[in-house]
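K.L.:
Kindly return the folded structure for what I paste below:
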Amino acid sequence: MDLSHVIEAARAASSKAYAPYSNFRVGAAILTGSGAVHAGCNVENASYGLAICAERNAAARMVAGAVNPDDRKIQLVAVVSPDAAPCFPCGACRQVLHEFGCEEVVVLDASGDLERYPFQAILPYAFGPEDL
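P.N.:
Residues are numbered from 1 along each chain as shown. Got it, this is the predicted structure:
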């Protein structure tokens, strides 16, 4: 899979974000082990706790569209915001991404260059299904 395709899916999703309170638009695209790409954007709510981040939105789309187990294995997630760079997943999103075995996080730096991080570098000592 061409990484530029995944980045573009995240960028396109960010343009659809519903962020009337923070004006912080985020798009995320997940590449699964089977090669499928699932994108999502953040959706805010006047009751702030009910907002959903782009990464969790993309993960929910991945789960809903899964046909086989490889469709639920996250090879990487790309996170893009036209409002901030780099834009990393929040703690809650990191935990959800870990649940599905995310291997890598890709963000764009301030000059638009790719930065790639092994997932363990952004969530060391994660708690997951293997700890139960």
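K.L.:
Name the nearest residue to the residue nearest the centre of the chain, ignoring sequence neighbours.
P.N.:
Most central residue of the chain, judged by C-alpha distance to the mean C-alpha position with CA atoms, centre = their mean, is Glu55 at 3.2 Å. On the basis of CB to CB, 6 or more residues apart in numbering, the spatially nearest residue to Glu55 that is not a chain neighbour turns out to be Cys93, at 3.8 Å. Every residue, glycine included, has its C-beta placed from N, CA and C.
K.L.:
Ala51 now?
P.N.:
Nearest residue to Ala51 in three dimensions, chain neighbours excluded: Glu44, at 4.5 Å (CB to CB, 6+ apart).
K.L.:
How about the contacts made by that neighbour?
P.N.:
18-22, 51 (CB atoms under 8 Å, 6 or more residues apart in numbering).
K.L.:
Do I have it right that Ala17 meets Ala51?
P.N.:
No. Between Ala17 and Ala51 there is no contact under CB atoms under 8 Å: 10.7 Å.
K.L.:
which residues are in contact with both of the two?
P.N.:
With the criterion set as CB under 8 Å, 6+ apart, the overlap between the contacts of Ala17 and Ala51 is 42-43.
K.L.:
Run through who's touching the helix or strand containing the residue nearest to Glu55.
P.N.:
Under the criterion of DSSP states H and E, Cys93 resides in helix 91-99. Under the contact criterion CB under 8 Å, 6+ apart, helix 91-99 has outside partners 53, 55-56, 59, 74, 77, 89, 105, 119, 122-123, 126-129.
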